[in-house]
Structure formats: C-alpha cells, structure tokens
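# Any chance you could fold what I've pasted below:
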Amino acid sequence: MRTKRRSGWRKLGRVLLYITGSIVLLLLILIIYVLSVSHINPPEIADKSSLKWERTQIDTGCYTLGNSWFRKSKSGLYEMYIEGKPFERGVVYGKLSAELVKRQEDHFTDQIKKMIPSQSYLKFLKYFVGFFNRHLAENIAEENKEEIYGISFSASDKYDFIGTNYERILNYHAAHDIGHALQNMALVGCTSFGTWNDASADSNLIIGRNFDFYVGDKFAEDKIVAFYHPDKGYNFMIVTWGGFTGAASGMNDKGLTVTINADKSAIPTGAATPVSLVAREILQYAKNIDEAWAIAKKHKMFVSESFLIGSAEDNRAAIIEKRPEGMDLYDPKKNSISCTNHFQGSIYGNQAENIKQRDETASGYRSERLSELMQQNGQNTVQKTVDILRDRFGLHGQNIGVGNEKAVNQFIAHHAVVFEPKKKLVWVSTSPWQLGEFVAYNLDSIFSMHGLKTNHELNDTTKTIAADPFLKTKDFQSFVTYRAMRAAIMNGEEVDVKAMVALDPEFYNVYLMAGDYEFKRKHFDSAKQYYETALTKVMANKGEEMHARKQIEKCIKK
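Just a heads-up that it's a prediction; the model follows:
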C-alpha cells in the first residue's frame, strides 16, 4: 500500500514538474518573442554623409549648420530653423539642439520614475510598450522615420537599457497617445477655440489654444518654436520640445493651422500612427480643410482625437473628430468653434461613452465656461483670445480654486498659442505656463530671411502681448507655494497640511491631498473632515468624487 502511495506521489511530482517546466518554457518563449518583436530596425539611409557635419557657434547659445540655425531668444523661447531632406533635417535638428534633446529625455524619464517608482514595474512597462508598439514603424511615413532617425544620433546613450536611441525617440512620438489612452487623467486636457467673420473684430480667423500636456514642470521649461523648410510640401512652424518632430500646435505658410485635443479612448490593442505625426503631415501637405480631412482619413489611429483645423483659404475652422474605427467632421455652421475633450459631431457626439466623458470629467464644464467667455467678450481679438486662455475661474466667474481642471487655465500648460492665419501671425506663450508674455512671429518674414543675424529679434516686438498681471499677486505666490508643498507630499515628505489648505482654500484638490495625507498617518477624524470639505467644492471629475466618498466610508469604519 505504502509502495503504491509513494509511486502515486512520484507520478504526481513528475506531472507537476512537467507542468512547471512547460510554464517556464512558455514564459521563456514569450520573453524571447516580446524582445524580438519589440526591436525596431531604423530606415535604410543611402547617404549618411550629413553625420559628419558640425554646428558652428556664433554666440552664446546660438548655432548654425549650413542654412539652418538654433538659438535661445531674449523671451526665453528657443528658436530653430531647419531645412533639407528628411534624414538631413533630423541630423541637423539633433546637432543644433543636442543639449535640449538629451535634457528633455532626462526630464521625461525622471517624471515617469516619479509616476511609477517601482523598478520592476518600469521594466514590465518597457516590454509592454515595446510589445504594444511592435508595429509602430509600419504605421509611420518613411519621411518621418528618416527624420527621427537623424535626430537619434544626438540622443543620450545612458538610456540604452530602455531601447536604442532610434527606438526611444520613435516611441516618444506616441507618448501623447499612450498617456491619455492608458491613464485618462489630467496628463492631457487641452482647450482650443476659433472665431471668424462677424465673431472677430476684423472678420479674420483667430485660433487660440492651451496645450495642457503635463509631464512635470521641467519638461515645459525648454520650449522650441521650430520653423521647417522641407524639401517637399509647405513651410510650417510648430511649438515643440527637444527631439520631437510631431505637431501639437502649428501653422503652415498657406495659413492652415492644426491643434490637437485628446478625447476618451479605450485601452488600445496595438500600434497605429501617432496623433502628432498625423497633425504634422496635415501641416506639411494641406492648404485647406478638405485636404486636411483627406490626409487624416488615410491614417489608422489607436486613440480618439480632435483636430481643430483653421484655414485662411476657407476663412473658417472645423474639427476632424477621429477614432480608431472612423471619423467625422464637426462644423458648427456659425462663426465660432470650441473644443475641449469630448466629441460634438453628429456621429460620435451622442454616443453614451462620449456623453459620459463630457459629463463626468472636466471637459463639459470647461466647454461651458469657454462658451460663456466667448459670449461675454463680444467680437474677438488676439488680446481677448489670450485673456480667455488665461482664465482661471469657473462658470459665472466663480472662484473654483487656482489650478482646477475645470478652468480654461489649469496651470499645467506646456504652451499656449494664438494664430491669425490670413496674416501668417502666431503668438507663443512664455513661461510660466500661459501667464508670461506672448511673443509674435510672422511666418512670411521668417521664411524670407537669408541667414541668421545674431542681434536681430525674430519676433515682432511691436505685437508682444504683456504678461498676466496675476503673476504679481499674492494669490499667485500662494499657488506656487502650494504646488511646492504638493510636490513634497508626493515625495513622501512631512508638511503642514493646514497651512497648505489655506494657500488655495477654494480648490477641492488641496482637501483631497490633505485627506490622503492624514489618512495615511491614521488621523481618520481629520482625514474625514478634509474629504467632506472637498465634496463641497467644484470637483473636476466623477472619479475624484468617488474617491472622496469611499475614503469617508473607510474613515468611519476605522
């Protein structure tokens, strides 16, 4: 009997060993597969002689390479002019702005580490993104890949553990898409609008936008206003950052503008064309709304996005609402248009998930406030557009706390821009956020220049819009102090939460943070009071409201 039992246990052991071995083998096969498919080969370049080119320094922070140039202006904005074929453009871009390319990646990866402090999860995320984007290169035009490959030669070597320089720079162009698809948080929450005909004081088209893409404060420090003279297509400008060739906000020399706004997306199942590169192609190759539509239509995207297209030729604007499964054109049939983070067209506007996005996030409220401001201001001007982009209040001018996501100005903007397409004028914000001066550039003047004059300001100083007076107020200083205390909490430091709450008392989020801080320290009565106070304020979204209510229940049970 015992012999039979031992024999049975031995058989069971062999079976378990076989199963365990099979699982380990399958895991090894899976790891090898993921590693192999996540590798992206760079494009084949016949002539790489441009890699031998070197930039020439002509002043502090000012460089030239051939006809291209790069410098830091007195406004604090970096300015860059690039021309030539795709790979050469990339090489020149990288060599001229090498310090910024490296620094932006440092800032980007530092913020990722703050958001995901677990090293093991970071490694998992690396392979997830690699697997997810295994077909990324197949969905990107050869021109874009060659340009990105050229830039990659100037990238840092210290992130090789993440991927090759080319793989990393290519994947960063999909960061906007992956960020808002997987997180659906205030990482991206942009606002844009336009007026024309009798809605504008001079009847011309005016477009304004806040690009609220937040990857930490340092990421927004080194903004580049880049002017492209490509070998094919139209000349164009974009507001960008080191190593990034996609378009978030831009205008071409035909007076066509593109700005992008994220919308609610399901978790993607595979790679497609990054939103920013679709926008870039529109800028480079479209001169009116119809041509922009045709370009957007030919691309598959893995997230939902609104492209607000302004057109000097059409003297109006429209929104291309694009989802992975289709697209729609939203034309309000009036002389103004606005866009936050939900769809408005006939195809997607009334779908249940879009209505939920509108009503349970900050998007619907912010849209109402935007419409309210546009009505109150009467016929629009560039100055009025800037004033709207800086507005920090809620509906009917209610104080909802500085930094509330429901306000047009959330105090997280990477940049804000204003376009006057017919005049080829663009105003770009300077730090902090959209509160600094807005400096004006004339595309016709920039693209008619013959070389860079070191003492010559590229922006039209006669059209500069002054900084927001709010910068000199006590409320602004209090907000800056609050943000420093919030950062300290996120770093695990001790703070005086009562003092923090007093700095921005109408902002619901200070009470949520104070509640979480006290709850973590088992001060449940105090935490409960903070959560309850948060519920009396204007909260940005349903998720945060539910968090407060659940925490109150936990405090009661404790």
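
# which stretches of the stretch 451-558 of the chain have low pLDDT?
For the stretch 451-558 of the chain, the stretches flagged by pLDDT under 70 are 453-455.

# For residue 208, list each beta-bridge partner.
Beta bridges link residue 208 to residue 193, residue 418, judged by DSSP bridges.

# Report how many residues lie close to residue 251.
Residue 251: 30 surrounding residues under other C-beta atoms under 10 Å. To be clear about C-beta, it is placed using only N, CA and C from the backbone, and glycine gets the same treatment.

# If you average the pLDDT over the helix or strand containing it, what comes out?
Using DSSP states H and E, the element containing residue 251 is strand 249-252. Averaged across strand 249-252, pLDDT comes to 98.

# For whichever helix or strand comes after that strand, enumerate the helices and strands it packs against.
Later in the chain than strand 249-252, the nearest helix or strand by DSSP H and E is strand 256-262. On a contact count with 3 or more C-beta pairs under 8 Å, 6 or more residues apart in numbering; DSSP states H and E, strand 256-262 meets helix 175-182, strand 191-195, strand 206-211, strand 249-252, helix 275-285, strand 305-311.

# weakest of these in terms of mean pLDDT?
Minimum mean pLDDT among these: helix 175-182, a mean of 64.

# where does the residue nearest to residue 460 when sequence neighbours are not counted land in three-state SS?
Counting by C-beta to C-beta, 6 or more residues apart in numbering, residue 440 is the residue found nearest to residue 460 once chain neighbours are left out, at 4.5 Å. When classified by DSSP: H, G, I helix; E, B strand; the rest coil, residue 440 comes out as strand.

# Can you list the residue ranges for helices in the stretch 101-250 of the chain?
119-132, 142-152, 165-172, 175-182 (DSSP state H, counting those that start in this stretch).

# buried set for the third one?
Put plainly, it is helix 165-172. Neighbour counts over helix 165-172 (16 or more other C-beta atoms under 10 Å) mark 165, 166, 167, 168, 169, 170, 171, 172 as buried.

# show me what contacts the first one?
This points to residue 165. Contacts for residue 165 (C-beta atoms under 8 Å, 6 or more residues apart in numbering) come out as 152, 153, 155, 156, 157.

# Can you pull up the most central residue in the protein?
When C-alpha atoms, centre = their mean is applied to the chain, the residue found nearest the centroid is residue 213 (3.3 Å).

# And it, how far from residue 541?
18 Å (C-beta to C-beta, to the nearest Å).

# and if you look at residue 290?
From residue 290 over to residue 541 the distance is 36 Å, taken as C-beta to C-beta.

# Compare these two and say which one has the larger neighbour count.
residue 541 (21 against 14).

# So what does the closest residue to the more buried one other than its chain neighbours have for phi and psi?
If the residues on either side of it in the chain are set aside, residue 541 comes closest to residue 361, at 4.7 Å by C-beta to C-beta, 6+ apart. Here is the backbone geometry of residue 361 (degrees, to the nearest 10): phi -120, psi -180.

# Test my guess that residue 361 contacts residue 539.
No - checked against C-beta atoms under 8 Å, the pair residue 361 and residue 539 is beyond contact range at 10.7 Å.

# got a list of what the residue nearest to residue 460 touches?
Contacts of residue 440 by C-beta under 8 Å, 6+ apart are 425, 426, 427, 459, 460, 463, 464, 465.

# Residue 409 now?
210, 389, 390, 391, 392, 433, 434.

# at 7 Å what do you get?
Applying C-beta atoms under 7 Å, 6 or more residues apart in numbering, we find residue 409 in contact with 210, 389, 390, 391, 392, 434.

# Report the two members of these separated by the largest distance.
Distance extremes for these: the farthest pair is 210 and 392 at 11.6 Å, using C-beta to C-beta.

# of these two, who's got more company?
Neighbours were counted for residue 210 and for residue 392 using other C-beta under 10 Å; residue 210 has more, 28 against 21.

# Relative to residue 383, how far out is that one?
Applying C-beta to C-beta to residue 210 and residue 383 gives a distance of 16 Å.

# Likewise for residue 172?
35 Å.

# and if you look at residue 252?
Plainly put, residue 252 is 25 Å away from residue 383 if you go by C-beta to C-beta.

# So between those two, which is more surrounded?
Counted by other C-beta under 10 Å, residue 252 and residue 383 do not tie: residue 252 has more neighbours, with 26 against 15.

# Next up, the contacts around that one.
234, 235, 236, 283.

# same thing but at 8 Å, please
Neighbouring residues of residue 252 by C-beta under 8 Å, 6+ apart: 234, 235, 236, 237, 283, 284, 286, 287, 443.

# Look at the last one and say how many residues are nearby.
The criterion is other C-beta under 10 Å. On that basis, residue 443 has 22 neighbouring residues.

# Over to the fourth one?
For residue 237, the tally of surrounding residues (other C-beta under 10 Å) stands at 29.

# repeat for the second one
Burial measure for residue 235: 20 neighbouring residues, criterion other C-beta under 10 Å.

# again, but for the first one
In terms of burial, residue 234 registers 19 neighbours under the definition other C-beta under 10 Å.

# pretty sure residue 50 is touching residue 86, no?
No - the pair residue 50 / residue 86 is not scored as a contact, 10.8 Å apart, by C-beta under 8 Å.

# Would you confirm that residue 375 belongs to a helix?
Yes - counting by three-state DSSP, residue 375 is found in a helix.

# That one: neighbouring residues, count only.
Residue 375, neighbours per other C-beta under 10 Å, totals 9.

# Would you check how far apart residue 240 and residue 522 are?
From residue 240 to residue 522 the distance is 47 Å (C-beta to C-beta).

# And those two? Which one has more around it.
Using other C-beta under 10 Å as the criterion, residue 240 and residue 522 rank with residue 240 on top: 25 against 9.

# so what's the more buried one up against?
223, 224, 226, 246, 247, 248.

# now, which of those lie within strands?
Taking DSSP state E, the ones among the contacts of residue 240 that sit in strands are 224, 226.

# Please tell me which one of the contacts of residue 240 counts the most neighbours.
Neighbour counts for the contacts of residue 240 peak at residue 247, which has 30 neighbours (criterion: other C-beta under 10 Å).

# right, and that one touches residue 275 too?
No - between residue 247 and residue 275 there is no contact under C-beta under 8 Å: 9.2 Å.

# Please enumerate the shared neighbours of those two.
residue 260.

# Can I get stretch 229-247 in CSV, CA atoms only?
The C-alpha coordinates for stretch 229-247 follow below in CSV (Å, rounded to 0.1, in the frame of the first residue of the first chain):
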residue,chain,number,x,y,z
HIS,A,229,11.5,74.5,-44.8
PRO,A,230,11.2,70.9,-46.0
ASP,A,231,12.3,69.7,-49.5
LYS,A,232,8.6,68.7,-50.1
GLY,A,233,5.4,70.3,-49.0
TYR,A,234,4.7,73.6,-47.4
ASN,A,235,6.9,75.6,-45.0
PHE,A,236,5.4,75.4,-41.5
MET,A,237,6.1,76.2,-37.8
ILE,A,238,5.4,74.1,-34.7
VAL,A,239,5.8,74.7,-30.9
THR,A,240,7.7,71.7,-29.7
TRP,A,241,10.4,70.3,-27.4
GLY,A,242,13.8,68.7,-27.9
GLY,A,243,13.8,65.6,-30.1
PHE,A,244,10.1,65.8,-31.0
THR,A,245,9.1,66.4,-34.7
GLY,A,246,5.4,65.8,-34.4
ALA,A,247,2.9,68.7,-34.3
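
# Can you give the distance of that stretch from its chain's centre?
Distance of stretch 229-247 from its chain centroid, counting by C-alpha atoms, centre = their mean, to the nearest Å, is 16 Å.

# nearest to residue 104, of the contacts of residue 252?
Residue 104 has its nearest neighbour among those in residue 237, at 18.8 Å by C-beta to C-beta.
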